[in-house]
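Participant: let's see this in three dimensions:
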Amino acid sequence: MEHIPTLIIDLATILISASLITILFKILKQPLVLGYIVAGFIASPHFLYTPSVTDTISISTWANIGVIFLLFSLGLDFSIKKLIKVGGTAIIAAGVIVIGMSSLGFLVGKFLGWNHINSLFLGGMIAMSSTSIIYKALDDLGLKTQKFAKLILGILVIEDIVAIILMVLLSTLAIKNSVEGSELIYSISKLLFFLILWFITGIFIIPSFLKKFKKYMNDETLMIVSIGLCLLMVVIATKVGFSAALGAFVMGSILAETIEAERIERITSPIKDLFAAVFFVSVGMMVDPAMIIEHIIPILIITLTVIFGQLIFSTFGIVLSGQPLKIAMQGGFSLTQIGEFAFIIASLGVSLEVTKPYMYPIVVAVSVITTFLTPYMMKLANPAYNFVDKKMPKKWKRFLERYTSGTELVNHENLWKKLLTGIIRITLVYSVICIAILVLSISLLVPFIINIIPGLWGQLLASFITILLMSPFLRAIMIKKNHSIEFNTLWNDNRFNRGYLVSLIALKFLLAISFILYTLGHIFNTSAFILIGFAIVIIAIMTYSKYLKKQSIFIERRFMRNLHYRETTNKISNIESKPQFAKHLISRDVHFSTFIIPYESQWVGKTLGELKLKNRFGIDIVSIMRGEGCKNIPGGKTIIFPTDKIQVIGTDKQLIIFADAIQKEIIKEGESCENLHQDMHLKQILIEENSYLIGKKLKESRIREEFHCLLIGIERGTTSTKRPSIDFIFQEGDLLWVVGHNNDIKELSKTENLV
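Facilitator: Residues are numbered from 1 along each chain as shown. Okay, here's the model as predicted:
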């Protein structure tokens, strides 16, 4: 009789348990992640009435693969560009959460009588929520398209990055019993360096590769390529000292910018589901009833600390970042758990022999309990907000509304801010590339050339090749933005600006010279004055070289083309469009979402006027994407066709009602839409004294007919009007909320002010 490997028997046990329990949870309408945890407990040696898993080491390896695929899938759904859009909010909120929870964890550890280092590790363990668990719970509960979901996913990514830095800090404290500031700064700098380098290199190479070989890639080949790229980035990330999960997320984010993103997500989804199930089952297998009984008091205290601590600090952090209280509470209730990084930090303490042995099982128990409660906490968010909203004093409400309703008008833009932001971005990106070229050249190219051609000629050749590789990027650092509209406007606007602008140019040239000097100084052993002279000559050649100018433009255009290729092709099935002005209109939670019209929909063949979607659901249709085309602000005579992607703007409540109404007709729920040429934005325009709108009625304004924009609401003083009537008369000082293409809004703004 053929012998069956233990791993196959264990896998059969896991999957049979998971399938039976998840079917039961489906019937009971409970989140699947809870079913997986229960299935894990049933399949573990701690449950004596069913067959148990024996090879826990192999299952742990499979679970780690599950985390990789979960983070890879998260990256595909939440690209770097989306992260940048919520970056400020996510960074502020994540900073408050991590600092607050770390401090609270340390205090709780001291309260439990633990020593200094154990308390510090406890603070690190409870500081981060679980990306994979929250992502799965949001998916199971159908909350991924809601506004707060995008925000907390951004916070979780920032927390994962902070977790890596925190592990370095805890390792330093454990080994040396002191904080090594230089090592911490080095770790942070290395992390930022590699993140920027990976993203730039990936965007420059991978989309071009997929475009070139697209005709050779069926689903099978594309799946192999994408998984191979994911695991390659995992290997690279671990080799340079980062987590496998971070590497998987980075590659997912890079592939999210390609035209094949939705296809990759579709073909890798079954693999992700399989390994993710194994991961969540493995979490349930760690539940030991005897251990829970023995340490029940610390477990309960830490569990309550995690739930209430995360709830308080997350809500406060999100409000502090400028979000409304409702969004903040939804985020706070969703983040009330710990996950995979808690296990990693606990394992770190055990391996360094600085934490007590019981800390790991305690953390596992807390993670399982908080994970089990996560879906229920998410469901509790809205009732809790409604209760707080009723009981909150009116003064507090007015204060929060003023704090979270900051405005940024289309009419007025800070030129200095735009110029400095552009210069910093260009300098940072191209400096990272130059550093990478220098490191590779000094470690590989220079020794190779000098070994083949010893002496001066070898040194000259090595330095020439190194500087030649850096030259397009150094030229971009020096020249880019020196002739931009912002630069010229500031130069001509005020003579006092010129000194600052000249200083900016000088600093950029000095940075480029420093790269040249470092290269020459490393290869040649000669006088500093000679090196400076050579560096100045090289910089002058770079500045006036037309060839380098062409190369720099070519590289930048290719990068930007790859970065936006997914949008410009208009072949999008599940995308998210988020207004650039990410504040809130009147009801404070208006945002975009997209729904796909299925073939069997009863709406097919009818016009928007006949469907009366605005009257029925309170939402507005801002665009309809059909094949290669996109119609912005469609009129009442627009006919609905099968597979149309309808982009809708409304509140969370309105969108939920709308989604429920078409739930039976949707084949696959649409996520988001963001298209470079048909990008829809929600912005504000202030009516000033020279506006042609003053005294006109809405029906005379030509806002919709001529500028293809949709007027959502008007704020006048302390009052606001949502969906004004066609006889509404505009006055000076009115603040208009407008939806439309970015260029159309700008044209409307210019026409409005007659400039």
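
Participant: helix or strand right after the helix or strand of the chain with the lowest mean pLDDT?
Facilitator: For the chain, using mean pLDDT, DSSP states H and E, the weakest element among its helices and strands is helix 80-85, scoring a mean of 60. Next in sequence after helix 80-85, counting helices and strands by DSSP states H and E, comes helix 87-111.

Participant: ok, then the element right after that following helix?
Facilitator: Next element after helix 87-111 (DSSP H and E): helix 116-126.

Participant: so which bits of that next one are buried?
Facilitator: Within helix 116-126, the residues that count as buried by 16 or more other CB atoms under 10 Å are 117, 118, 119, 120, 121, 122, 123, 124, 125, 126. For the C-beta atoms, the positions are set from N, CA and C on the backbone; glycine is no exception.

Participant: next one: stretch 267-287
Facilitator: In stretch 267-287, counting by 16+ other CB under 10 Å, buried: 267-268, 271-287.

Participant: distance from that stretch to the middle of the chain?
Facilitator: Its chain's C-alpha centre and that of stretch 267-287 lie 23 Å apart, by CA atoms, centre = their mean, to the nearest Å.

Participant: tell me the mean pLDDT for it?
Facilitator: Stretch 267-287 shows a mean pLDDT of 81.

Participant: so where is the stretch 51-200 of the chain shaky, pLDDT-wise?
Facilitator: Where the stretch 51-200 of the chain drops to pLDDT under 70, the residues are 56, 78-87, 145, 164, 168, 172-188.

Participant: any idea how this protein splits into domains?
Facilitator: Following automatic domain parsing, the chain resolves into domains at 59-382, 415-567, 572-678, 680-753.

Participant: pick the most buried one from those.
Facilitator: domain 59-382 (a mean of 20; mean count of other CB atoms under 10 Å).

Participant: can you name the element that comes right after the helix or strand harbouring residue 225?
Facilitator: Element membership for residue 225, per DSSP H and E: helix 219-239. Scanning forward in sequence from helix 219-239 by DSSP H and E, the next helix or strand is helix 244-255.

Participant: report the distance from the next helix-or-strand element following that following helix to the chain centre.
Facilitator: With elements assigned by DSSP H and E, the helix or strand that comes after helix 244-255 is helix 261-285. Distance of helix 261-285 from the chain centroid (CA atoms, centre = their mean) equals 20 Å.

Participant: now helix 261-285 and helix 244-255, what's the angle there?
Facilitator: For helix 261-285 against helix 244-255, the angle by axes from the mean of the first three to the mean of the last three CA atoms, to 10 degrees is 160 degrees.

Participant: so which elements touch helix 261-285?
Facilitator: Counting by 3 or more CB pairs under 8 Å, 6 or more residues apart in numbering; DSSP states H and E, the packing neighbours recorded for helix 261-285 are helix 6-27, helix 32-43, helix 56-77, helix 131-141, helix 219-239, helix 359-391.

Participant: ok and it relative to helix 56-77, angle-wise?
Facilitator: 150 degrees.

Participant: offset the numbering so it begins at 53, please.
Facilitator: Happy to do that; since the first residue is 53 now, the last one works out to helix 313-337.

Participant: how far off centre is whichever helix or strand comes after helix 313-337?
Facilitator: Sequence-wise, the next helix or strand downstream of helix 313-337 (DSSP H and E) is helix 341-346. Taking CA atoms, centre = their mean, one finds helix 341-346 lying 38 Å from the centre of the chain it belongs to.

Participant: and what of stretch 290-309?
Facilitator: Relative to its chain's centre, stretch 290-309 lies at 13 Å (CA atoms, centre = their mean).

Participant: what's the mean pLDDT across that stretch?
Facilitator: 80.

Participant: same deal with stretch 508-523?
Facilitator: 86.

Participant: and if you look at stretch 270-283?
Facilitator: Mean predicted confidence for stretch 270-283 is 89.

Participant: got it, and stretch 560-574?
Facilitator: What stretch 560-574 shows for mean pLDDT is 85.

Participant: hmm, who's touching that stretch?
Facilitator: Stretch 560-574 is touched from outside by 475, 479, 483, 486, 490, 493-494, 498, 515, 518-519, 522, 526-527, 529-530, 580, 583-584, 586-588, 590-591, 594, with contacts defined as CB atoms under 8 Å, 6 or more residues apart in numbering.

Participant: about what we covered before: want to throw the buried residues of helix 168-178 into CSV with distance to residue 449?
Facilitator: Formatted as CSV, the buried residues of helix 168-178 follow (distance: CB to CB, whole Å):
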residue, distance to residue 449
169, 44
170, 43
171, 38
172, 39
173, 41
174, 37
175, 34
176, 36
177, 36
178, 32
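
Participant: OK, contacts around residue 687?
Facilitator: Residues near residue 687 by CB under 8 Å, 6+ apart: residue 660.

Participant: Provide the secondary structure category for it.
Facilitator: coil (DSSP: H, G, I helix; E, B strand; the rest coil).

Participant: which stretches in the stretch 703-807 of the chain count as helices?
Facilitator: For the stretch 703-807 of the chain, the helices defined by DSSP state H, counting those that start in this stretch occupy 704-713, 794-805.

Participant: using PDB, write out every CA atom in the shortest one.
Facilitator: Backbone C-alpha positions of helix 704-713 (Å, rounded to 0.1, in the frame of the first residue of the first chain) are rendered in PDB as follows:
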ATOM      1  CA  ASP A 704     -22.200  55.800   2.300                       C
ATOM      2  CA  LYS A 705     -25.800  55.300   3.300                       C
ATOM      3  CA  GLN A 706     -27.000  56.200  -0.200                       C
ATOM      4  CA  LEU A 707     -24.500  54.000  -1.900                       C
ATOM      5  CA  ILE A 708     -25.400  51.000   0.300                       C
ATOM      6  CA  ILE A 709     -29.100  51.400  -0.500                       C
ATOM      7  CA  PHE A 710     -28.200  51.700  -4.200                       C
ATOM      8  CA  ALA A 711     -26.000  48.600  -4.100                       C
ATOM      9  CA  ASP A 712     -28.700  46.600  -2.300                       C
ATOM     10  CA  ALA A 713     -31.200  47.600  -4.900                       C
END
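
Participant: of the domains of the chain, which is nearest residue 91?
Facilitator: domain 111-434 (5.4 Å; CB to CB).
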